[in-house]
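Participant: Predicted coordinates and the sequence they were generated for:
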Amino acid sequence: MDNVQKSLLSGLAGAVALTLLHETVRRFVPEAPRADILGMRAIAKGFEAADKELPDEDTLHQMALGGDLVSNTLYYSLVGLSKGKDTLLFGSALGALAGVGALTLPGPLKLGEAPTNRTRETMAMTIAWYLLGGVVAAGTYELLDEEFA
């Protein structure tokens, strides 16, 4: 297995872990981050800019989750740039940076700040969950690196 494949599989593992966490906890914890809402708003802006009819809410939600999985897979796959050196540290930095981005970018992008910033608990969960995605990606990369070395 080459480095690109290991990187993409690792990125997918991190993205799936993050999405499963988001989708599970948001159903039970009112303060949970709502990255899905940010994704839905971003997609809706695209439809509006293209002067197209907006899909129903369920379809929009599915599109947002799919977009999250793809974009987070590609982002977390950057863990392969570590080339097996300090992979856990590199993955953790990627995750923490993504968490900070999830807190700081929605406002300037006019997607609203509440989905990730409404309470201190929401902000802490946002950073922690993206960090977890980075750690999962790094751990997966290390496992694949050992398995296919």
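Facilitator: That came in fine, so what should we check first? Numbering: from 1, shown residues only.

Participant: Show me which positions of the longest helix seen in the chain end up buried.
Facilitator: Longest helix in the chain, counting residues (DSSP state H): helix 120-147. Going by neighbour count (16 or more other CB atoms under 10 Å), the buried part of helix 120-147 is 122-123, 125-127, 129-142, 144-145. Where C-beta positions appear, they are placed from N, C-alpha and C, glycine not excepted.

Participant: can you check stretch 64-72 too?
Facilitator: Quick answer for stretch 64-72 (16+ other CB under 10 Å): 64-65, 67-69, 72.

Participant: Can you give the distance from that stretch to the centre of its chain?
Facilitator: Distance of stretch 64-72 from its chain centroid, counting by CA atoms, centre = their mean, to the nearest Å, is 7 Å.

Participant: for stretch 117-127, same thing?
Facilitator: The answer for stretch 117-127 is 15 Å, by CA atoms, centre = their mean.

Participant: now stretch 36-52
Facilitator: On CA atoms, centre = their mean, the centre of stretch 36-52 falls 18 Å from that of its chain.

Participant: What confidence value was assigned to the residue nearest in space to the middle of the chain?
Facilitator: With distances taken as CA atoms, centre = their mean, Asn72 lies nearest the centre of the chain, 4.3 Å away. In this prediction, Asn72 carries a pLDDT score of 98.
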